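Novice: need a structure here:
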Amino acid sequence: MTHQQQPDFSVLGLRFMACEASYDQAAVILFGAPWDGTVSFRPGSRFGPADMRQDSLGLETYSPYQDLELPEDKVRDIGDLELPMGGRDASLERIGATVATVLAAGKKPVMLGGEHLVSLPAVVACLAKWPDLCVLHFDAHADLREEYLGETLSHATVMRRIWNKLGDGRIWQLGIRSGTADEFAFARAGHVTLHPFDCEGLPAAVAAIGDRPVYLSIDLDVLDPSTFPGTGTPEPGGITFLTLLRALLQLRGMNIVGADLVELAPHYDASGVSTAVALKLLRELLILL
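Specialist: Here you go, the predicted model:
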């Protein structure tokens with residue numbers, strides 16, 4: 001890749017924390033996908049990536065949980081993709097092309113949503129490189145509907161569309177506490193491995209995935225609304241920040257080839273706590289990678 005071909009969509013030079021490595025030296029490429037065009041309840045997650053960059057100025061680069069520093073020479077934040085708000089297909093295509101470009105350069109993509117549908121093109125791009133790809137999915141919602149209000153591409157159908165690409169036995173879901181009876185029946189039929197309510201099924205998932213490449217998707221509404229109210233579809237009964245953090249740290253050593261954090265809608269939490277929670281999880285994820 002020449003310098004001219006390296007993507008960089010950062011606005012006004014504002015990047016997440018210390019993520020200012022050159023594109024060539026970076027091992028991880030961070031970018032935002034500010035799209036929320038199929039949100040079924042409260043829109044606003046398109047503002048999540050920019051809000052996280054702004055508030056990251058107050059976060060330490062050192063993690064006392066891992067006793068490690070976020071290395072300045074390993075992560076490049078290339079900013080938010082410029083996506084047409086009315087153009088679902090064009091937006092998904094650009095997200096997929098960006099992930100494919102990052103992968104072709106031998107780097108790991110980490111995407112900030114945006115709604116959960118943005119995960120679909122990222123997973124498809126990873127699958128093109130790793131045919132044995134698995135998906136590890138933290139969420140309050142199963143996202144396994146065949147369609148939602150007649151639409152087959154929605155944040156409510158994203159995991160069903162990913163299953164269409166991967167097939168049975170390659171998706172593990174944790175923290176799920178909301179969905180239709182059909183979605184839970186689909187999971188019980190063995191198409192996906194769904195562990196409801198908490199993360200206690202994680203060790204079994206890690207063991208089953210083994211050294212296969214895995215895409216990690218974290219819908220932040222897996223957290224309880226008392227911890228994380230700033231999201232479009234809050235679901236009571238979720239896990240705590242520390243539970244999710246400890247789950248994340250259990251993934252050390254896994255072959256994570258791509259990841260995302262989605263569904264922060266910062267304007268529903270004027271306190272800024274939800275953004276702070278997302279920031280800390282992102283810092284730990286970047287250090288982990």
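Novice: so where do the strands sit in the stretch 1-150 of the chain?
Specialist: With DSSP state E, counting those that start in this stretch applied, the stretch 1-150 of the chain shows strands at 28-33, 62-63, 68-69, 75-80, 108-113, 134-138, listed in chain order.
Novice: what pairs with the last one, and is each one parallel or antiparallel?
Specialist: Think strand 134-138. Here strand 134-138 has these sheet partners by DSSP bridges: strand 171-176 (parallel), strand 214-219 (parallel).
Novice: buried residues in it?
Specialist: Buried residues in strand 134-138, defined by neighbour count with 16 or more other C-beta atoms under 10 Å: C134, V135, L136, H137, F138. (Glycine included, C-beta is placed from N, CA and C.)
Novice: Next, format those as JSON lines and append pLDDT and distance to L149.
Specialist: Listed next are the buried residues of strand 134-138 as JSON lines, based on pLDDT from 0 to 100; distance: C-beta to C-beta, whole Å:
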{"residue": "C134", "pLDDT": "98", "distance to L149": "30"}
{"residue": "V135", "pLDDT": "98", "distance to L149": "25"}
{"residue": "L136", "pLDDT": "98", "distance to L149": "28"}
{"residue": "H137", "pLDDT": "98", "distance to L149": "22"}
{"residue": "F138", "pLDDT": "98", "distance to L149": "25"}
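Novice: Not counting sequence-adjacent ones, nearest residue to the residue minimising distance to the centre of the chain?
Specialist: Nearest to the centroid of the C-alpha atoms of the chain, with distances taken as C-alpha atoms, centre = their mean, sits D260, at 2.0 Å. Excluding its sequence neighbours, the residue lying closest to D260 (C-beta to C-beta, 6 or more residues apart in numbering) is M111, at 4.2 Å.
Novice: now do A276
Specialist: Spatial nearest neighbour of A276, chain neighbours left out: D55 (6.6 Å); criterion: C-beta to C-beta, 6+ apart.
Novice: same question, T193
Specialist: Among residues not flanking T193 along the chain, W172 sits closest, at 4.8 Å (C-beta to C-beta, 6+ apart).
Novice: How many residues are close by the one you found?
Specialist: Neighbour count for W172, taken as other C-beta atoms under 10 Å: 22.
Novice: wouldn't A205 be in contact with W172 here?
Specialist: Yes - the pair A205 and W172 qualifies as a contact (C-beta atoms under 8 Å) at a distance of 4.0 Å.
Novice: residues bridging contact with the two, i.e. touching both?
Specialist: Counting by C-beta atoms under 8 Å, 6 or more residues apart in numbering, the residues touching both A205 and W172 are L136, T193, H195.
Novice: Reformat the residues you listed as JSON lines; add distance to P84.
Specialist: Shown next, in JSON lines, are the shared contacts of A205 and W172 (distance: C-beta to C-beta, whole Å):
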{"residue": "L136", "distance to P84": "30"}
{"residue": "T193", "distance to P84": "36"}
{"residue": "H195", "distance to P84": "37"}
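Novice: contacting residues for S22?
Specialist: With C-beta under 8 Å, 6+ apart, S22 has these contacts: R76.
Novice: What score does it have for pLDDT?
Specialist: Looking at S22, its pLDDT stands at 92.
Novice: what does L12 give?
Specialist: As predicted, L12 sits at a pLDDT of 46.
Novice: can you pull up the bridge partners for the residue nearest to T193?
Specialist: Beta-bridge partners of W172, as defined by DSSP bridges: L136, T193.
Novice: Make sure it is actually in contact with M159.
Specialist: No - between W172 and M159 there is no contact under C-beta under 8 Å: 10.7 Å.
Novice: what do those two both touch?
Specialist: V135, H137, V192.
Novice: So which residues of this structure form helices?
Specialist: For the chain, helices defined by DSSP state H occupy the ranges 48-55, 88-104, 119-129, 158-166, 181-188, 202-209, 241-249, 273-288.
Novice: Alright, calling it a day.
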